[in-house]
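S.K.: here's my sequence, what's the structure:
(2 chains)
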Protein chains: 2
Amino acid sequence: MPASPPLLPVTGQPAAERGDAARNRTLLLDAARQLIAERGADSVTTDDIAAAAGVGKGTLFRRFGSRAGLMVVLLDEDEKAQQAAFLFGPPPLGPGAPALDRLVAYGRNRLRFVHLHHELLSHANRDPRVRFNAPARVHHRHVYVLLRDADTTGDLDAQATALLALLDADYIHHQLTDAGRTLDDLGDAWESVARKLCGQ
Amino acid sequence: MPASPPLLPVTGQPAAERGDAARNRTLLLDAARQLIAERGADSVTTDDIAAAAGVGKGTLFRRFGSRAGLMVVLLDEDEKAQQAAFLFGPPPLGPGAPALDRLVAYGRNRLRFVHLHHELLSHANRDPRVRFNAPARVHHRHVYVLLRDADTTGDLDAQATALLALLDADYIHHQLTDAGRTLDDLGDAWESVARKLCGQ
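M.R.: Predicted structure coming up:
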């Protein structure tokens, strides 16, 4: 995962305030991330996040505008970190492992990510322009390249689309909530279809 | 395709009026179906439909309440007709052909259906409860049974979900509109993935 970009200097703002703002931003995002992992996004309020971060609620709203604003930043940061992990990180998720192993690791990793960020990803899915553009295209491309590198036969574009349906936010939520499946079950299903498409 | 259910008698309504109402309903639905097939749903107005049916626009609104109301009835009728065709109709779509041939025919048939009804299906997709319940479950079950009958190995539930992603209304629209694909291209892609999953 690459380091965060350096903060741009803000004219007329004292260095101490910039430092506080950056620290509060990190405290709030880390608190939100941990609370969501513990209870699910639907159960986490701005009061909870501010309290867990040890800052006032006013600070949260000054930094992020709203709960939704904070969630968008959180998803964006985590999405970038995950992309860095599967594009540049250690194997089996990153380069260095056989393509099929990477594909299996990607699916299991992405399942947890999508589950954690279900609320925002589900909302983004409502807009077809978002669904078929960045960052969705990054994931389609990644799966396509791994299928190709695994010497998969047939229409790789269609197979990547088909596979990625198993990582859809609403599908995963439905399987976990209404169909009694676990993330491990869904990871096994991903692996089963991935191995089959790769001819193993 | 089964016959339409008989109209229920409406107390106090003369038989002639009931007959007119039923005839106008059929005229309006047939006109809408033909116009949508010719130009796409987005370009068809209630004025167009009433004119093509040869009835007044007031009649359309009395029968269906709104353009959206007519579209819902049209989708529901066509969905029932299509389900009857793949469950009970002649092969290769209906019973009597090998399971893989039926699966290929189903995909190509459904692609045209989804394209024709893109507007309403896309709207229905926005609601995850609709996406994973009837009539979507009928299609998942149909694909599942055909995969099973074709002696497909592995997780059939996940494979049916993955395959059906290729028939998603927004995906098809995106492929036709932004990616320069044709319905035949998408039918070939469906066939390629279906044959692969069935081990052929």
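S.K.: what sits against the residue in chain A that chain B sits nearest to?
M.R.: Among the residues of chain A, residue A:165 lies nearest to chain B; the distance is 3.3 Å by C-beta to the nearest C-beta. Heads up, the C-betas are built off the backbone N, CA and C, glycines and all. Counting by C-beta atoms under 8 Å, 6 or more residues apart in numbering or on different chains, residue A:165 makes contact with A:171, B:161-162, B:164-165, B:168.
S.K.: contacting residues around the longest helix along chain A?
M.R.: Longest helix of chain A, by residue count under DSSP state H: helix A:15-39. If you take C-beta under 8 Å, 6+ apart as the criterion, helix A:15-39 is touched by A:7, A:9-10, A:44, A:48-50, A:52-55, A:59-60, A:63-64, A:70-71, A:73-74, A:77-78, A:116-117.
S.K.: now those residues: which count as buried?
M.R.: A:44, A:49-50, A:52-53, A:55, A:59-60, A:63-64, A:70-71, A:73-74, A:78, A:116-117 (16 or more other C-beta atoms under 10 Å in any protein chain shown).
S.K.: okay, and which of those map to helices?
M.R.: A:49-50, A:52-53, A:59-60, A:63-64, A:70-71, A:73-74, A:78, A:116.
S.K.: pLDDT at the nearest residue to the residue of chain A closest to chain B once chain neighbours are set aside, what is it?
M.R.: The shortest distance from residue A:165 to any non-neighbouring residue, by C-beta to C-beta, 6 or more residues apart in numbering or on different chains, is to residue B:165 (3.3 Å). The pLDDT attached to residue B:165 in the predicted structure is 96.
S.K.: what are the buried residues along stretch A:129-137?
M.R.: A:131-132.
S.K.: send me the helix or strand of chain A with the lowest mean pLDDT as CSV with only the CA atoms.
M.R.: Taking mean pLDDT, DSSP states H and E as the measure, chain A has helix A:128-131 as its least confident helix or strand, at a mean of 73. The C-alpha coordinates for helix A:128-131 follow below in CSV (Å, rounded to 0.1, in the frame of the first residue of the first chain):
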residue,chain,number,x,y,z
PRO,A,128,-25.6,2.1,-14.0
ARG,A,129,-23.0,4.7,-14.9
VAL,A,130,-21.1,3.9,-11.7
ARG,A,131,-21.7,0.2,-12.0
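S.K.: can you list the neighbours in contact with it?
M.R.: With C-beta under 8 Å, 6+ apart as the test, helix A:128-131 has contacts from A:124-125, A:136, B:122, B:170, B:173-174.
S.K.: how many neighbours does residue A:153 have?
M.R.: The tally of other residues near residue A:153 (other C-beta atoms under 10 Å in any protein chain shown) stands at 12.
S.K.: ok so it is a helix residue?
M.R.: No: secondary structure of residue A:153 (DSSP: H, G, I helix; E, B strand; the rest coil): coil, not part of a helix.
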